[in-house]
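A.B. asks: here is the input, now give the coordinates:
(one chain, ligands or ions: 1)
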Amino acid sequence: MNKFNELLDQYPKTNIKPDKKHSILPTVLKLLEPLEGKTVVDVGCGEGFFSRAVAERNSDVVYGIDSSNSFIERAIKKDCTKVVYKVLDMFSSELPMCDVINAPFVINYANSLDDLKKLLVNFFNSLNNGGKLVLVVDLPRLDLSEDQIRKNRKFGAVKRVDGGLVDGANIKIELFNNEKYICTLNSNYFALESIERLLSEVGFKSIVRHKPIIDKYGKKVYGEEFWKDYLELYELGYLTAIK
Ligand SMILES: C[S@@+](CC[C@H](N)C(=O)[O-])C[C@H]1O[C@@H](n2cnc3c(N)ncnc32)[C@H](O)[C@@H]1O
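C.D. replies: Residues are numbered from 1 along each chain as shown. Take a look at the predicted model:
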């Protein structure tokens, strides 16, 4: 679907996109709390953007897992002694046992609802009882005007879906930093309702949707005016679920 090894130099440029740095990261960190003494698995860690941020909190052990050798090598080079990086395929490998799973932007790589259910079973099995799963999912919209799409480009991402909002439909995601094109990724659309149903079938409880936050640094650096409409236009879903 995506040749991540070929995106090794481009993808890390997304780390300073306004939306990723000042909304997605602080929102995810807030949803992962409490981290004190917890073992965390960051699924699809790439070169460790979220893993390092989690390790800086009071977490105990952090595993960063990714199927791309090149990204894991890059993550290890960035060095954070508290993170244990491993090359693992989330669909076919057993994940380390943990208290918290962070899975941002990865469940949309499932090819079908069946595939997605198997992945959620894998997550469920690697969580200790009472453990928490945090999901960030791509939720493209069909109702945005050209002007609203331009605003989303300014925030960092433009998403288009082929064939309507049907489970499994292909999503094209163009990523930008300050309007400068970074790269295009492909993923698959799943309705929040479908994900919630599967989570529940797998055995997860307390399944909750969340709204993103924008951190104070984002408001300081870009100004309040810049973020106007972000909370109406963002094309992401945030879900937490408990085993
Ligand atoms: C959109 S990137 C996100 C990287 C990182 N979480 C971030 O936000 O900076 C998706 C990551 O998922 C990884 N990935 C894709 N399929 C995977 C799989 N089956 N198992 C584990 N990782 C996978 C890719 O190699 C890539 O690093």
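A.B. asks: next one: the nearest residue to residue 75 once chain neighbours are set aside from residue 71, what distance?
C.D. replies: Among residues not flanking residue 75 along the chain, residue 48 sits closest, at 3.8 Å (CB to CB, 6 or more residues apart in numbering). Just so you know, the C-beta spots here come from the backbone N, C-alpha and C atoms, and that holds for glycine as well. Noted for residue 48: a distance of 8 Å to residue 71, by CB to CB, to the nearest Å.
A.B. asks: comparing those two, which shows the higher neighbour count?
C.D. replies: Neighbours per residue (other CB atoms under 10 Å) separate residue 48 from residue 71, with residue 48 holding more: 27 against 24.
A.B. asks: I'd like the average pLDDT over stretch 163-173.
C.D. replies: Per-residue pLDDT over stretch 163-173 has a mean of 94.
A.B. asks: rewinding a little: the residue nearest to residue 75 contacts residue 77, doesn't it?
C.D. replies: No - contact criterion CB atoms under 8 Å: residue 48 and residue 77 do not qualify, at 9.6 Å.
A.B. asks: quick check: residues of this structure near the ligand?
C.D. replies: Neighbours of the ligand within the chain, by CB under 6 Å from any ligand atom: 4, 44-46, 49-50, 66-68, 71, 89-91, 104-106, 109, 185.
A.B. asks: make a PyMOL selection of whichever of these turn out to be buried.
C.D. replies: Entered in PyMOL, the line below selects the buried ones among the residues of the chain next to the ligand, by 16 or more other CB atoms under 10 Å:
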select buried, resi 4+44+45+46+49+50+66+67+68+71+90+104+105+106+109+185
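A.B. asks: which residues touch the closest residue to residue 129 other than its chain neighbours?
C.D. replies: Counting by CB to CB, 6+ apart, residue 129 lies nearest to residue 243, which is 6.0 Å off, once chain neighbours are set aside. With contact taken as CB atoms under 8 Å, 6 or more residues apart in numbering, residue 243 is in contact with 124, 127-133, 203-205.
A.B. asks: secondary structure and pLDDT added to those, as CSV?
C.D. replies: What follows is the contacts of residue 243, written out as CSV (DSSP: H, G, I helix; E, B strand; the rest coil; pLDDT from 0 to 100):
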residue, secondary structure, pLDDT
124, helix, 98
127, strand, 98
128, strand, 98
129, strand, 98
130, strand, 98
131, strand, 98
132, strand, 98
133, strand, 98
203, coil, 98
204, coil, 98
205, strand, 98
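A.B. asks: can you pick the most crowded of those residues?
C.D. replies: Busiest of the contacts of residue 243 [other CB under 10 Å] is residue 133, holding 26 neighbours.
A.B. asks: got the contact list for that residue?
C.D. replies: Contacts of residue 133 by CB under 8 Å, 6+ apart are 100-101, 103, 123-124, 127, 199, 204, 239-243.
A.B. asks: identify the farthest-apart pair in these.
C.D. replies: Pairwise distances across the contacts of residue 133 peak at 15.5 Å for 100 and 199 (criterion: CB to CB).
A.B. asks: excluding chain neighbours, what is closest to the residue most central in space within the chain?
C.D. replies: Central residue check for the chain by CA atoms, centre = their mean: the C-alpha nearest the mean position is that of residue 104, 1.6 Å away. Spatial nearest neighbour of residue 104, excluding adjacent residues (CB to CB, 6+ apart): residue 136 at 3.9 Å.
A.B. asks: tell me the secondary structure at the one you found.
C.D. replies: Put simply, residue 136 is strand when judged by DSSP: H, G, I helix; E, B strand; the rest coil.
A.B. asks: in this structure it contacts residue 235, no?
C.D. replies: No - using CB under 8 Å, residue 136 is not in contact with residue 235, being 11.2 Å away.
A.B. asks: in the chain, which spans are strands?
C.D. replies: Secondary structure of the chain, counting by DSSP state E: strands at 39-43, 61-66, 83-87, 98-104, 127-138, 157-161, 170-177, 180-188, 205-210, 236-242.
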